[in-house]
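Student: task: produce atomic coordinates for the following.
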Amino acid sequence: MQEEHHDDDHGNKAVSEYLFSLHGTPVRYATASPVLASPVTRLLNHFQRASLNASSPLRVCFQAVQERADIPMMISSSARRLFSGTGVAVGDRRQTMWRCEVVQEGRRLIADFYDQGLFVIDEDHGTAQGYLIEPEAMHPDTIEWFFHIILTELLRRRGLYTIHATALEKDGRGILIPGNSGHGKTTAFMSLLRSGYRYLSDDHPLFRDSGTHVEMLPFPSKIDVTENTISYFPELRNAPDGVLCPSLRKRFFYAEDLYQTSVGDCCEPAMILFPHVIDAPHSYLEPLSRSRALEALLPQSLVVYDPEVARREFQTLVKLVQQVDCYRLHFGQDILELPRLVTPLLKKRR
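Tutor: Coordinates of the predicted model:
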């Protein structure tokens, strides 16, 4: 990571720039606020660089403001609305609900979170500008979430896509475990991780179409676990002080603090497991047709607003499903035995 400080003749705080490279895609992140810097550098810790030699980097700048009136832009009345919704605001001491509207204004995508902030993505130039209102009142995970959705929108325009899933690698072959919270996704991930599988991502692995096949790419960050998941694994239950840290709704840790394993390599995915918790002593795998697998996988991808980007991402997902074995994992009470069920099938893929 390199920080470049730019003095401002008007007495404003100096802007620091942070450099990252995500599998060949350079990213420059600039902010004058330490509150807005720390969650981003934590998220992209494995991708930090001292310098960037590549041209045309993605550029993201986040700015802290104190109130809505401080945001120096207005949305045109002619902007086309793409999305509008509300939800519970978690991790913001000022708000109990969030409200969001996404509009398109020419080649700019604008995500307006009203009393939390506003974000502008310039599709043609690969840049994004974000204004967060009183970020010091936000939990770091909330700031990280804002940055991640902006970064994801920029990366997909460079052919790097993501879905809501955990991912691991073993001997050059990847396993993808998609699913919503409460379906056993992270518990299955943990069972394989502790048995020697290598960590790719706890929540948002990256993938891209390499031409001959779809390639899965690591996006390592902290691993979020519920108290229920912790209860299954003795190394989590008995973790030394400071390893498990509090988060918004869960606790988190870093894989290298508990396991003698490294981050996995870019690999060719070989298997997709769709977990479903059952009240039974033993787990089992049910083969899933590729059409059913694609149907189950699509809801785990993020919303795409650009039709051409959506088309390319859909084609990549179709190609991904075509090259892997797909299973419904009926996840029983033998949680620690999952590797005995999965690993022999993975070895057959050699």
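
Student: wait, what's in contact with the nearest residue to residue 165 once chain neighbours are set aside?
Tutor: Distance criterion C-beta to C-beta, 6 or more residues apart in numbering; nearest residue to residue 165, sequence neighbours excluded, is residue 178 at 3.9 Å. The way it works is simple: take the backbone N, C-alpha and C, and place the C-beta from them, glycine included. Going by C-beta atoms under 8 Å, 6 or more residues apart in numbering, residue 178 touches 163, 164, 165, 185, 272, 274, 296, 297, 300.

Student: and the third one, how many neighbours?
Tutor: To tie it back to what came earlier, the one meant is residue 165. Look at residue 165: counted by other C-beta atoms under 10 Å, it has 26 neighbours.

Student: can you check the fifth one too?
Tutor: Residue 272 has 26 neighbours, counted by other C-beta under 10 Å.

Student: could you do residue 240 as well?
Tutor: 8.

Student: cool, residue 153 as well?
Tutor: 21.

Student: so it sits in a strand?
Tutor: No - according to DSSP: H, G, I helix; E, B strand; the rest coil, residue 153 belongs to no strand; its state is helix.

Student: contacting residues for it?
Tutor: 109, 121, 128.

Student: need the phi and psi values for the second one.
Tutor: For residue 121, the backbone dihedrals are phi -110, psi 120 (criterion: degrees, to the nearest 10).

Student: my guess is it meets residue 156, correct?
Tutor: No - proximity of residue 121 to residue 156 does not meet the contact threshold set by C-beta atoms under 8 Å, at 10.9 Å.

Student: can you tell me the SS state at residue 20?
Tutor: Classified using three-state DSSP, residue 20 is strand.

Student: what about the residue nearest the centre of the chain, helix or strand, and which?
Tutor: With distances taken as C-alpha atoms, centre = their mean, the residue of the chain nearest its centroid is residue 204 (3.5 Å). Residue 204 belongs to no helix or strand when assigned by DSSP states H and E.

Student: quick one on the thing from earlier: same list (the contacts of residue 153) but as CSV, adding neighbour count.
Tutor: Converted to CSV, the contacts of residue 153 look like this (neighbours: other C-beta atoms under 10 Å):
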residue, neighbour count
109, 20
121, 23
128, 24
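
Student: so which of these is the closest to residue 62?
Tutor: Set against residue 62, the nearest of the contacts of residue 153 by C-beta to C-beta is residue 128 (8.7 Å).

Student: and the closest one, what are its phi and psi?
Tutor: Dihedral angles (degrees, to the nearest 10) for residue 128: phi -150, psi 140.

Student: and for residue 192?
Tutor: When read as degrees, to the nearest 10, the backbone of residue 192 gives phi -80, psi -40.
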